[in-house]
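>>> Here is a sequence together with a model predicted from it:
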Amino acid sequence: MIDDFLMRAVLGGVLLALVCGPFGAFIVWRRMAFFGDMLSHSALLGVALGLLIGVDVRIGMIATCLAAALILAFGQRQSRIGNDTVLGMLAHSTLALGMVALAFVQGVAVDIMAYLFGDILAVTMGDIWLLAGGGTFAIAVLVWMWRPLLALTVSPEIAAAENIPVERLRLIFMLLMALVIGMAIKIVGVLLITALLIVPAASARFFARTPEQMAIGAGLFGAASVLAGIALSWHVDTPAGPSIVISAAGLFVLTAGLSPVFKRAG
Amino acid sequence: MTAPLIEGRDLILSFGSERVLDQVSISIRAGEIITLIGPNGAGKSTLVKTLLGLQKPDSGNVVRKSGLRIGYVPQKLAIDQVLPMTVKRFLTLTRSARRSECAHVLTEVGAAHVIDAQMGQLSGGETQRVMLARALLLRPNLLVLDEPTQGVDVSGQAELYRLIDNIRGELNCAVLMISHDLHLVMAKTNKVVCFNRHVCCSGQPETVRQHPEYRSLFGVREADAIGIYTHEHDHEHDLSGHVVGGCGHDHSHDHDGHHHHTHSNNYEHTTNAVAGADK
């Protein structure tokens, strides 16, 4: 029985980390860390809406993340209010809305901490199937648009000149991000998902010579962080989500320290 | 006349209250070499971005010939250090290519040795060459260059123009080049478009030089100081500026007319001083 929930935690966590790797790399390259933050904040509103309407909260979270991404994409079409301001407004107003909406949920004691910091030890087989299906889909689409999306990241001008549909790719990437973050909240929580996206990618930077190496490396560093975090939580009885993030940060410090050894990687 | 490769008709674009493109019409046909010149802030890059479809005009339209392949060399490309990228990987940014193909185009632009280097560690001149190599790999029918020699020293500039000319000859493509002055205009340019938010005048380099609008735009002194490189080198430079083979003192650049002594001296001086300093 004990082994069962541990196995599910490891399976779910490693799956999520492998999916987050390439997405995290793009978040780092495209300087979109704040975008990830905004999406995860909006997920809390999804929890509340799910409970109020009586829909599975996972569906609620994914749906509000997708909606927030669409609102953001729309908001970025104007230039009078800067992107960071639009992001900040969306992040905090959706978070506030979520908290207010949760106050209306009656009869159910909602464990807000579980959504803020994740509850990986409570991962169900249903969560894992959702993650496996959604994760495979997200990675498949990302692989399919890898080359044009990377070209767009290097230079939107070059991409546009060479007939790459810049706007469409940006939107698809944002929606995929929303899907991944919506799935991830259950495991690492609203406040820690951005860390799981960017910290392993930052660690992988020290070893990588090409974008592909960095994306795969980020997945592996993320998986290692999940394993180390769960082990830490198991042996020292620390909260699992934060332990995973601490492990990822520890790995980063270690790789940064070792980076002179890999100086040739530039 | 054949249909243009790309054509902008009556393009109008304003940023706020400032009109950047004022009823601009421009077309590029197969085989043409067009140099777009104008002072800083004239909206040259905006015009090119509009033609490429990156900037939507307020009114007017852009027509691309179907099947048009554009090779675009931007003004500057800052590949962020956060993104690891070898030169080989950069060459295959928008299309795949074997390593041997990459090595071949890099050799053509004289940058074979950087194939495994990181993009972020290249010098200005090397970056421009690598961008040319990438455009070459695409086999475009229109090559668009936005101030391709920015940040490259004078001897490197002449060499870059020679390279661009070679590439054009090999691909038989049209060229649209942006420049902020007429000091360096390709010898084979058949049309210079003088641009300052609208097309001031256009035609052969010599015609444009005499045009009153051009002279008022750049000032008479500046206008008289036009130099046109004909790229008749009696020696070649390798990437780092070293002279490859026979450097005589008979540098036979044809620096048209008035400013011959100043510019030419300057050039010789730079050539000698710069050896090995391209980094």
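Good, I have the coordinates. Residues are numbered from 1 along each chain as shown, chains lettered A, B, ... in the order given.
>>> for chain A, what are the nearby residues on the stretch 51-200 of chain B?
Residues of the stretch 51-200 of chain B found near chain A (CB under 8 Å from any CB of the partner chain) are B:52-54, B:69-72, B:74, B:77, B:79-86, B:89-90, B:93-94, B:96, B:118, B:120-121, B:138, B:144. From N, CA and C alone the C-beta is placed, and that goes for glycine too.
>>> hmm, 6 Å instead?
Contact residues (CB under 6 Å from any CB of the partner chain) of the stretch 51-200 of chain B with chain A: B:52-54, B:70, B:72, B:74, B:77, B:82-84, B:86, B:89, B:93-94, B:118, B:121.
>>> Please flag which of those sit within helices.
B:Leu52, B:Arg89 (DSSP state H).
>>> Most widely separated two among the residues of the stretch 51-200 of chain B next to chain A?
B:Gly53 and B:Gln121 (31.9 Å; CB to CB).
>>> Who has more neighbours out of the two?
Using other CB atoms under 10 Å in any protein chain shown as the criterion, B:Gly53 and B:Gln121 rank with B:Gly53 on top: 16 against 13.
>>> who's in contact with that one?
Counting by CB atoms under 6 Å, 6 or more residues apart in numbering or on different chains, B:Gly53 touches A:Ala160.
>>> Next one, pLDDT for it please.
Looking at B:Gly53, its pLDDT reads 83.
>>> in the stretch 151-279 of chain B, what residue is nearest chain A?
Residue nearest to chain A within the stretch 151-279 of chain B: B:Leu176 (11.0 Å; CB to the nearest CB).
>>> A:Leu142 versus the residue nearest the centre of chain A, what's the distance?
By CA atoms, centre = their mean, chain A has its centre lying nearest to A:Ile181, at 4.1 Å. Going from A:Ile181 to A:Leu142 by CB to CB, to the nearest Å gives 14 Å.
>>> As a check, name the ranges of all helices in the stretch 51-200 of chain A.
Ranges of helices in the stretch 51-200 of chain A, per DSSP state H, counting those that start in this stretch, are A:57-75, A:83-104, A:112-117, A:125-144, A:146-154, A:156-161, A:166-188, A:193-205.
>>> Apologies, that question was intended for chain B.
For chain B, the helices defined by DSSP H cover B:44-52, B:87-91, B:99-108, B:124-137, B:154-171, B:205-210, B:212-218, B:220-224, B:260-274.
>>> nearest to B:Arg168, of the helices of the stretch 51-200 of chain A?
helix A:156-161 (17.3 Å).
>>> returning to what we had before: may I have the beta-bridge partners of the residue of the stretch 151-279 of chain B closest to chain A?
Counting by DSSP bridges, B:Leu176 is bridged to B:Ile34, B:Val144.
>>> who's in contact with it?
The contact partners of B:Leu176, by CB under 6 Å, 6+ apart, come to B:Ile28, B:Ile34, B:Val144.
>>> Tell me the one among those nearest to chain A.
B:Val144 (6.6 Å).
>>> how about residue 193, what does it touch?
No chain was given, so I picked chain A. A:Ser40, A:Ile181, A:Ala184.
>>> ah, no, chain B please
B:Leu36, B:Val199, B:Ser202.
>>> Restricted to buried residues, select those residues in PyMOL.
Of the contacts of B:Val193, the buried ones can be selected in PyMOL as follows, counting by 16 or more other CB atoms under 10 Å in any protein chain shown:
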select buried, chain B and resi 36+199+202
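>>> Just the contacts of B:Val193: which are in strands?
Counting by DSSP state E, the contacts of B:Val193 place B:Leu36, B:Val199, B:Ser202 in strands.
>>> Tell me the residues on chain A that lie near chain B, please.
So chain A meets chain B at A:28-29, A:151, A:155, A:157-158, A:160-162, A:208-210, A:214, A:266 (CB under 6 Å from any CB).
>>> any idea which of those is least confident?
Lowest pLDDT of these: A:Gly266, 45.
>>> where does the chain have low pLDDT?
You didn't say which chain, so I picked chain A. Within chain A, the stretches with pLDDT under 70 are A:1-2, A:107-108, A:261-266.
>>> if you could check chain B rather than the one you did, that'd help
Within chain B, the segments meeting pLDDT under 70 span B:1, B:151, B:180-188, B:209, B:215, B:217-279.
>>> Go through the helices of chain B and name the closest to A:Leu11.
Nearest of the helices of chain B (CB to CB): helix B:87-91, 33.3 Å.
>>> chain center to the closest one: distance?
Chain-centre distance of helix B:87-91: 21 Å, with CA atoms, centre = their mean, to the nearest Å.
>>> and what of stretch A:210-221?
Worked out by CA atoms, centre = their mean, stretch A:210-221 lies 15 Å from the chain centre.
>>> Please report the distance of the residue nearest to the centre of chain A from A:Pro22.
For A:Ile181 relative to A:Pro22 (CB to CB), the value is 14 Å.
>>> and what of A:Val166?
20 Å.
>>> ok, these two, which is more surrounded?
Comparing A:Val166 with A:Pro22 by neighbour count (other CB under 10 Å), the higher total belongs to A:Pro22, at 23 against 18.
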